[in-house]
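Novice: Provided below are the primary sequence and the corresponding predicted coordinates.
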Amino acid sequence: MTPHHNRLIKETSPYLLQHAKNPVDWYPWCDEALERAKSENKPILVSIGYAACHWCHVMERESFEDASTAHLMNAHFICIKVDREERPDLDHFFMDALQATSGSGGWPLNMFLTPDAKPFYGGTYFPPEPFQNRISWKQLLVRIHEAFHKRRGEIEEQANGIIEHLSRTNRLNEKIKQRFELPMENLFSRDQCETILHNLLDSADKQDGGFGLAPKFPQTFSIQFLLRYHHYFNNEHALDQAELSLQKMMNGGIYDQIGGGFCRYSTDNEWLVPHFEKMTYDNALLILIYTEAYQITRKKEYKIIVEETIGFMLREMQHPGGGFFAALDADSEGVEGKFYTWTKKEFEEASGDSIFNELLDITEEGNWEGINIPRMKMAIADWSRNHGWSELEGLSKLRDCKMKLLETRSDRIRPQTDDKILLGWNALFNQALSRAALAMQNENWIQAAKENMNFLFKAFEDKKSKGWLHTHKEGESKYPAFLDDLVYTIQALIYLYEADPDSCHIVRAKELVEYVEKYYSDEEGVYFLFTPDFHKDIAVRKLDLYDGAIPSGNAVMAWNLYRLSILFERSHWRDRALKMLEGTRDAILKWPNSFGVWANLLLENIVGTHEILVLGPEFQSAGRSILHHYIPNKVFMSAHKPDTQFPLMRGKPDSAKNTYFLCRDYTCQLPFFTESELIQATLTKR
């Protein structure tokens, strides 16, 4: 059959478009491909990756661009390409299937399905020739083809077994269900928080920061727990370990010392050699954690990291309409990291001075494969002192140097931008803008957050169906929104209200919660499923509780329900949030690195939530002054006059001067008349 190469040409995903000219007869995931598999009785090959994935590019060059390999694939399989970021539901499903059968996972993810789309075998990267006990891609294709025709019964049995296993693992067990019948009071204790702390510290790298060994991911939620535990209980061990991680990352090669922004993870223990792709969600989450560290410590270096990273996002990742692109590729000119690395000669010519070499670890022999990844090799204060400057003078000189290097680097061939815009990732960055803006009193970032939120409602709210969509590119939005998309947006609206106290943000958040409740709830009405009930083209609706590279949609939804239950006096939302937390409790205690957002919610449940209200003529400036401080366990409202649609404001006096209320369970202390009094009242240590 003649390949229809242009099937992917009409797609919006940069990853699919990269494969549009392969000799492989690729389809996107669609009814036409699934029907053809049935009519021709052929197994399906689903190959999943993303535009910034290095090994996806390698396998494409080695196998999918090879005519003889493509001939095997076209002859024996219906071949489907999927962008994991456009279709995270399919990615979750097939990754779960792979991990169930092999115990491991990753990308590229290559999964073989029966003609009725049930997975039976899979793997990740396969080389073009046998290598170190790893079967080649061609050998695998032949073996799968032969097994499908000679042992069809075994394959069908295995596929049915995998589907049954995945269905079972996406249902709650009876032990957890029984907990939901218990009273949701006094289920959580300080001892449980100490268990979480000890388990995190036991897994922490005491020398280089982070948790575990390479490859090292930032694990921002675990660091956040350490920061908050210190804030609530004045625990210096927690703060020291959090700061060790933050310092090592910001000084390492995982941070782009020249242009700002973080790469996805480090391939070594000391954070020197990153996997050079830059993702919007990573940078959003890291901005949030460095913002919290700045609020706690007021260290200027954390503020600089936030400013540089937001600067990178606004400069390189922003769509003219107000959205933010998904990612930057790891490769340029076919070489991973080429855009970001320097020879000593290149560096000195661009910077104009060799004095920066010792600071940024630039040598003739290089610090990685004969070239240099800039990293902060020594403290800026020490380096400045060595040259007879104050630290401020040293910072100024370094800033000028970075500008020269960035200008030189901008002439290089850039890594490809994955220019699709994802609702959930944009919502995470929207949160980062709002929270950093308040911590660092930056009005421009508030404006950027407002513009971005307006864009999200314009691009992703489907007026026809009154629903929401997941991905947007070149004026077109598609695929029903997933749980993460909506719960991150709800959280972003709550944070945006704090920065921009327009009650429409909170009302929109409430309406979105009601939408999620209606279409995403599980059978028990406790947790939420990754896909809506009207999304039919996947065999198993996933229940996802893990906090991985991005927060668990369920953990964030529990946070949303808990806060909005206070703002709108919806006790059943609070009860549901507590049931969600209770059902996850044992996993949080045992594996806090995988349940970090949940752990922070449990921690807040122990220390309690401040209900803060500011009323008066200068409510906006007064509110921003309060939120400049670190108060993570709060709901916050402010207005010129009481608005009775919000329970927290009912019965409050209409005062001619600013008045500050600190409440718990709608029971308020006597009002304060200065910000400092209210701040002091929130800082009582437990």
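Specialist: Here it is on my side, so go on. Numbers count the residues shown, from 1 in each chain.

Novice: other residues contacting stretch 189-202?
Specialist: Identification of contacts with stretch 189-202 by C-beta atoms under 8 Å, 6 or more residues apart in numbering yields 211, 222, 225-226, 229, 235, 237-238, 241, 585, 588-593, 599, 602-603, 606. (Glycine included, C-beta is placed from N, CA and C.)

Novice: so which of the residues you listed are in strands?
Specialist: With DSSP state E as the criterion, strands contain none of the contacts of stretch 189-202.

Novice: list buried residues within those.
Specialist: 211, 222, 225-226, 229, 238, 241, 585, 588-589, 591-593, 599, 602-603, 606 (16 or more other C-beta atoms under 10 Å).

Novice: list the ones among the contacts of stretch 189-202 that fall in helices.
Specialist: 222, 225-226, 229, 237-238, 241, 585, 588-590, 599, 602-603, 606 (DSSP state H).

Novice: mind checking how far residue 205 is from residue 197?
Specialist: Using C-beta to C-beta, to the nearest Å, residue 205 is found at 16 Å from residue 197.

Novice: neighbour-wise, which of these two wins?
Specialist: When neighbours are counted by other C-beta atoms under 10 Å, residue 205 and residue 197 differ, and residue 197 comes out ahead with 22 against 18.

Novice: and the more buried one, which of the three is it?
Specialist: What DSSP: H, G, I helix; E, B strand; the rest coil gives for residue 197 is helix.

Novice: tell me the pLDDT at it?
Specialist: Residue 197 carries a pLDDT value of 97.

Novice: residue ranges in this protein under the pLDDT threshold?
Specialist: 1-6, 174-175, 177, 179-186, 684-686 (pLDDT under 70).

Novice: let me see the contact set for residue 80.
Specialist: Residue 80 makes contact with 26, 27, 28, 29, 33, 44, 45, 46, 47 under the criterion C-beta under 8 Å, 6+ apart.

Novice: how about the second one, nearest residue that isn't a chain neighbour?
Specialist: Spatially, and ignoring its direct neighbours in sequence, residue 27 is nearest to residue 33 (3.7 Å; C-beta to C-beta, 6 or more residues apart in numbering).

Novice: which positions within the helix or strand containing the one you found qualify as buried?
Specialist: Applying DSSP states H and E as the criterion places residue 33 in helix 31-40. Neighbour-count burial for helix 31-40 flags 33, 34, 37 (criterion: 16+ other C-beta under 10 Å).

Novice: got the contact list for the last one?
Specialist: I take that to be residue 37. Residue 37 makes contacts with 43, 44, 78, 113, 115, 116, 117, as judged by C-beta under 8 Å, 6+ apart.

Novice: and those residues, which two are the farthest apart?
Specialist: Using C-beta to C-beta, the contacts of residue 37 span at most 11.9 Å, a distance reached by 78 and 116.

Novice: so residue 274 sits against residue 266, correct?
Specialist: Yes. Judged on C-beta atoms under 8 Å, residue 274 makes contact with residue 266 at a distance of 5.5 Å.

Novice: pull up the overlap in contacts between the two.
Specialist: Common neighbours of residue 274 and residue 266 (C-beta under 8 Å, 6+ apart) are 252, 253, 254.

Novice: which of those residues lies closest to residue 335?
Specialist: Of these, the one sitting nearest to residue 335 (C-beta to C-beta) turns out to be residue 253, at 15.8 Å.

Novice: just give me the neighbour total for residue 416.
Specialist: Residues lying near residue 416 (other C-beta under 10 Å) number 18.

Novice: any idea how far residue 360 is from residue 124?
Specialist: Distance, residue 360 to residue 124, using C-beta to C-beta: 35 Å.

Novice: then residue 45 would be within a strand, right?
Specialist: Yes. Assessed with three-state DSSP, residue 45 lies in a strand.

Novice: excluding residues flanking it in the chain, which one is nearest residue 546?
Specialist: residue 594 (5.3 Å).

Novice: what sits closest to residue 614 if chain neighbours are left out?
Specialist: Using C-beta to C-beta, 6+ apart, the nearest residue to residue 614 is residue 638, at 4.0 Å.

Novice: and that neighbour, that one's in a strand?
Specialist: Yes. Checked against three-state DSSP, residue 638 lies within a strand.

Novice: contact partners for it?
Specialist: The neighbours of residue 638, taking C-beta under 8 Å, 6+ apart as the test, are 501, 613, 614, 615, 619, 620, 622, 623.

Novice: and the second one, which of the three is it?
Specialist: Right, residue 613. Per three-state DSSP, residue 613 ends up strand.

Novice: for it, the count of nearby residues, please.
Specialist: Close neighbours of residue 613, defined as other C-beta under 10 Å, add up to 24.

Novice: against residue 354, how distant is it?
Specialist: Distance of residue 613 to residue 354, given as C-beta to C-beta: 57 Å.

Novice: measure the closest residue to residue 499 other than its chain neighbours to residue 398 for me?
Specialist: Of all residues not flanking residue 499 in the chain, residue 434 sits nearest, at 4.3 Å (C-beta to C-beta, 6+ apart). Separation of residue 434 from residue 398 (C-beta to C-beta): 29 Å.

Novice: between the two, which one's more packed in?
Specialist: Taking other C-beta under 10 Å, residue 434 and residue 398 do not tie; residue 434 has more neighbours (29 against 20).

Novice: got the contact list for the more buried one?
Specialist: Contacts for residue 434 (C-beta under 8 Å, 6+ apart) come out as 445, 446, 449, 492, 495, 496, 498, 499, 500.

Novice: ok, of those, which come out buried?
Specialist: 445, 446, 449, 492, 495, 496, 498, 499, 500.

Novice: please name the nearest non-neighbouring residue to the residue nearest the centre of the chain.
Specialist: Nearest residue to the geometric centre of the chain (C-alpha atoms, centre = their mean): residue 550, 3.2 Å. Spatial nearest neighbour of residue 550, chain neighbours left out: residue 281 (5.2 Å); criterion: C-beta to C-beta, 6+ apart.
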